[in-house]
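Undergrad: I would like to see how this sequence folds:
(chains A and B)
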Amino acid sequence: MVTRIAPPEKPWRLASPKTMPLIEIDQLSKHYQVYQKQEGLWASVRGLFHRQYRQITALDAISLQVERGEFVAFLGPNGAGKTTTLKILSGVIHPTSGTCRVMGHVPWQRANAYRRRFALVMGQKNQLWWDLPAQESFRLHQHIYQIPAEQFQATRDELVDLLGLAKLMRQPVRELSLGERMKMELTAALLHRPEILFLDEPTIGLDVVAQHNIQQFLKHYQEVRSITILLTSHYMKDIEALCQRVVIINEGRIQFDGSLAEIVGKFDQERIVSLRLADTTGIADLQQFGRVTRSQPPQVQLRIPRSQVTSALTEILNRYQVDDVSVSDPPLEEVFAHLFTQGREATDQGASAPKEDMAGSRRLTGEARH
Amino acid sequence: MTVWRSRVRLWWAIFRVSVEERLVYRGDFAFGTLMRFLPMLTQIFLWWAIFDAMAARPGETSDVNAIRIKGYNLHDMIAYMLLVMLARAFSSMPGLTSGIAGSIQKGEIKKFLIQPVDMLGSLLIQRIAHKLVYYLIAIGPFALVFFLCRSFFDAGFPAPDQLFGLVLALVGSFLLGFAMEACLGLVAFWLLEVTSLAFIFMLLTFFLSGHMFPLDLMPAPLDRLIGMLPFQYLAYFPSAVALGKVTGEDLVWGLVIQYLWVIGCWVLCRWLWVRGLVRYGGYGG
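TA: Numbering: from 1, shown residues only, chains lettered A, B, ... in the order given. Below is the predicted model:
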């Protein structure tokens, strides 16, 4: 239907159009001017005539390529640039500099040919008609996206079936629960069978069950339809369940781009060993094996460097009477929190980030998050 | 051809959804219809009192109906007020400015950047739908009021050509009202807060459109100025056409100028939209 034309400045891509990345981001930057208001009444009056602006860098020359069929998670603290990236890719805003092509289109030109091929779902924004049953919004989408009637019916029925929405089709959207509404939003977004789906915090505010349902659905749908999904989320569960590839953005820069396993392998150098002791004598000596993070006798939790776990465990089991033992990875949240703070330290103190007190900073960030 | 067919289908779909949405709120709707009559009643009583007071002055004829203010007797004035009410039912756009400004502020405007559908076009169709539903319900009360007040229309029922002119003027006043208020809403791309601007606009409309009193009551230099502004086409002009004050060539020219204003404001609207989006793309989102 739509002939894809390779960007003229890269003619070599014409030779192998199949290997052309679906999304190509090159040196993309976005700066905002933010009005700085001083405190106080007099400053407010002065602000009427003379305004001070501060430049905020939302994105700092990021480059990224996404292939067809990938499920990519954008991860980062608030204000890191995740949503800005999605907004640029969906054509809502344009970058300050750099180039970007999605399926051969420059997003912010907002060509209808491009807009018919993707969808954006923002967790807290509603694109359905509030006072009407979602069905009416769906029908409107059919005409907005010029979906042929049979295709529309087939896709709608499939989605309604997958998400279990059949009973809710006649209920006004405002009377739906948040989870149900999110499912309706997803249905509306997928009716035109987009090739790319941008999801900004799709599970925000949902309860665990609803979160799980949405995850299951996304996973299934992505596999069956092999569409490309880019997702931002704060929930590690989302990322763990869904994404093969994780892009960590912090302060407008890409800090890591790879698989989840790689991240854990690379940044997570400790394991958590939990013990239940039958006899608590000598419990204080346990700290020679690692850092004691919790001690509620007879329960003790230790952090032991990955490479020493085996030897330490052997030693402990020899010396102590242990009822129960378990070894686990630190929570993913902690790994990421560590990563984020590490990035901040790196930018604060130059290229060589301090390494000596990794454990300390990890503890701090861990506490800060819980 | 197929482009147009799918476009018309889309317009129809928007229209249908908008009608359905409108029909959800029955109570609000009935109330809104009634409320339109109340201010007009007070204005009619006000003019009645003014004419009465003038008739009661010593040396005046005590017959109220013989008093004239710049050519308007009491009957003309009441007829004018009733017609203004009709015209404003076409040209007033409750919630349009604030709606557009709100969706810019809250970012709901994104929907129209992401989906292949034009916001101003959608809003216009939505508004047409809302107005049509309103007329469908309000035609009863309107007809009743005009019937009860038929004795005030000294000139009788307008002639066919006048009636045709009236219909064109009313449709024009609807389009002009939409374009002007949409422009005002789009200013939110730059100002973010347009409430006070909308208030000023409302006041201006009240006086300069002829909503408050017939514009030909205005003293000499002012009436020229007002004649050069678009506001009069929102209320005064359609009423004057219905009263037979504007006929023949004047009527044709009046309509031409009215529709030129419509086109002008619509172009301005489009321009603001395009410029606003450039700004939004740079700053907002």
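Undergrad: Phi, psi for the residue of the stretch 51-200 of chain B found nearest chain A please.
TA: Ranked by CB to the nearest CB, the top residue of the stretch 51-200 of chain B for proximity to chain A is residue B:116, at 4.2 Å. Bear in mind the C-beta positions are built from the backbone N, C-alpha and C, glycine included. With angles defined as degrees, to the nearest 10, residue B:116 sits at phi -80, psi 70.
Undergrad: For residue A:89, see how far away it is.
TA: Using CB to CB, to the nearest Å, residue B:116 is found at 16 Å from residue A:89.
Undergrad: Among those two, which residue is more densely surrounded?
TA: residue A:89 (23 against 17; other CB atoms under 10 Å in any protein chain shown).
Undergrad: Isn't the more buried one up against residue A:100?
TA: Yes: using CB atoms under 8 Å, residue A:89 is in contact with residue A:100, at 6.9 Å.
Undergrad: got a list of what residue A:135 touches?
TA: Applying CB atoms under 8 Å, 6 or more residues apart in numbering or on different chains, we find residue A:135 in contact with A:169, A:170.
Undergrad: Helix, strand or coil: sort out it for me.
TA: Here residue A:135 is recorded as helix under DSSP: H, G, I helix; E, B strand; the rest coil.
Undergrad: Residue A:168 versus that one, what's the distance?
TA: Using CB to CB, we find residue A:135 at a distance of 9 Å from residue A:168.
Undergrad: What parts of the stretch 251-370 of chain A come near chain B?
TA: Taking CB under 8 Å from any CB of the partner chain, no part of the stretch 251-370 of chain A reaches chain B.
Undergrad: Next, please give the residue ranges for the strands of the stretch 251-370 of chain A.
TA: Using DSSP state E, counting those that start in this stretch, the strands found in the stretch 251-370 of chain A span residues A:253-259, A:270-277, A:291-296, A:299-305, A:322-328.
Undergrad: Send me the regular element (helix or strand) spanning residue B:76 as PDB with only the CA atoms.
TA: Following DSSP states H and E, one finds residue B:76 within helix B:74-91. Below are the C-alpha coordinates for helix B:74-91, written out as PDB (Å, rounded to 0.1, in the frame of the first residue of the first chain):
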ATOM      1  CA  LEU B  74     -41.900  50.000  21.400                       C
ATOM      2  CA  HIS B  75     -43.100  47.200  19.100                       C
ATOM      3  CA  ASP B  76     -40.100  47.500  16.900                       C
ATOM      4  CA  MET B  77     -37.800  47.300  19.900                       C
ATOM      5  CA  ILE B  78     -39.500  44.200  21.300                       C
ATOM      6  CA  ALA B  79     -39.500  42.600  17.900                       C
ATOM      7  CA  TYR B  80     -35.800  43.500  17.500                       C
ATOM      8  CA  MET B  81     -35.000  41.900  20.900                       C
ATOM      9  CA  LEU B  82     -36.800  38.700  20.000                       C
ATOM     10  CA  LEU B  83     -34.900  38.500  16.700                       C
ATOM     11  CA  VAL B  84     -31.600  39.100  18.500                       C
ATOM     12  CA  MET B  85     -32.400  36.200  20.700                       C
ATOM     13  CA  LEU B  86     -32.900  34.100  17.600                       C
ATOM     14  CA  ALA B  87     -29.600  35.300  16.000                       C
ATOM     15  CA  ARG B  88     -27.600  34.700  19.100                       C
ATOM     16  CA  ALA B  89     -29.000  31.100  19.200                       C
ATOM     17  CA  PHE B  90     -27.000  30.800  16.000                       C
ATOM     18  CA  SER B  91     -23.900  32.900  16.600                       C
END
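Undergrad: Who are the packing partners of it?
TA: Under the contact definition 3 or more CB pairs under 8 Å, 6 or more residues apart in numbering or on different chains; DSSP states H and E, helix B:74-91 sits against helix B:26-56, helix B:119-148, helix B:160-186, helix B:236-242.
Undergrad: want to try TSV for the strands of the stretch 251-370 of chain A, with mean neighbour count as columns?
TA: Below are these laid out as TSV (neighbours: other CB atoms under 10 Å in any protein chain shown):
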stretch	mean neighbour count
strand A:253-259	17
strand A:270-277	19
strand A:291-296	13
strand A:299-305	19
strand A:322-328	12
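Undergrad: Do you know the pLDDT at residue 209?
TA: Answering for chain A, as no chain was given. Looking at residue A:209, its pLDDT is 88.
Undergrad: meant chain B actually
TA: pLDDT recorded at residue B:209 is 94.
Undergrad: Can you name the residues that contact it?
TA: So residue B:209 contacts B:91, B:231, B:232, B:233, B:234, B:235, B:236 (CB under 8 Å, 6+ apart).
Undergrad: wait, the first one sits on residue B:234?
TA: Yes: shown here, residue B:91 and residue B:234 form a contact pair, counting by CB under 8 Å, at 4.1 Å.
Undergrad: Let me know how buried residue B:2 is, in neighbour terms.
TA: 7.
Undergrad: residues touching it, list them.
TA: By CB under 8 Å, 6+ apart, no residues touch residue B:2.
Undergrad: what do you get for the one 5 residues further on?
TA: Residue B:7 makes contact with no residue under the criterion CB under 8 Å, 6+ apart.
Undergrad: Just the pLDDT for the residue of the stretch 151-300 of chain A found nearest chain B.
TA: Closest contact between the stretch 151-300 of chain A and chain B, by CB to the nearest CB, is at residue A:172 (7.5 Å). If you check residue A:172, the pLDDT there is 94.
Undergrad: Mutual contacts of residue A:89 and residue A:100, please.
TA: Contacts common to residue A:89 and residue A:100, judged by CB under 8 Å, 6+ apart, are A:23, A:25, A:107.
Undergrad: quick one: which of these has the most company?
TA: These, ranked by neighbours (other CB under 10 Å): first place residue A:107, 24 neighbours.
Undergrad: my read: it touches residue A:93, true?
TA: No: the pair residue A:107 / residue A:93 is not scored as a contact, 9.4 Å apart, by CB under 8 Å.
Undergrad: The residue nearest to residue B:279 when sequence neighbours are not counted and residue A:56: what is the separation?
TA: Closest residue in space to residue B:279, ignoring its immediate chain neighbours: residue B:189 at 5.4 Å, by CB to CB, 6 or more residues apart in numbering or on different chains. The spacing between residue B:189 and residue A:56, counted by CB to CB, is 20 Å.
Undergrad: confidence score at residue A:270?
TA: If you check residue A:270, the pLDDT there is 82.
Undergrad: wait, what's in contact with it?
TA: Counting by CB under 8 Å, 6+ apart, residue A:270 makes contact with A:290, A:303, A:304, A:305, A:306, A:330, A:359.
Undergrad: Which strand residues bridge it?
TA: residue A:305 (DSSP bridges).
Undergrad: Name the residues of whichever strand or helix holds residue B:272 that come out as buried.
TA: Per DSSP H and E, residue B:272 falls inside helix B:248-283. Within helix B:248-283, the residues scored as buried using 16 or more other CB atoms under 10 Å in any protein chain shown are B:251, B:254-255, B:257-259, B:261-262, B:265-266, B:269-270, B:272-273, B:276-277, B:280-282.
Undergrad: Next: stretch A:282-292.
TA: Quick answer for stretch A:282-292 (16+ other CB under 10 Å): A:283, A:286, A:289, A:290.
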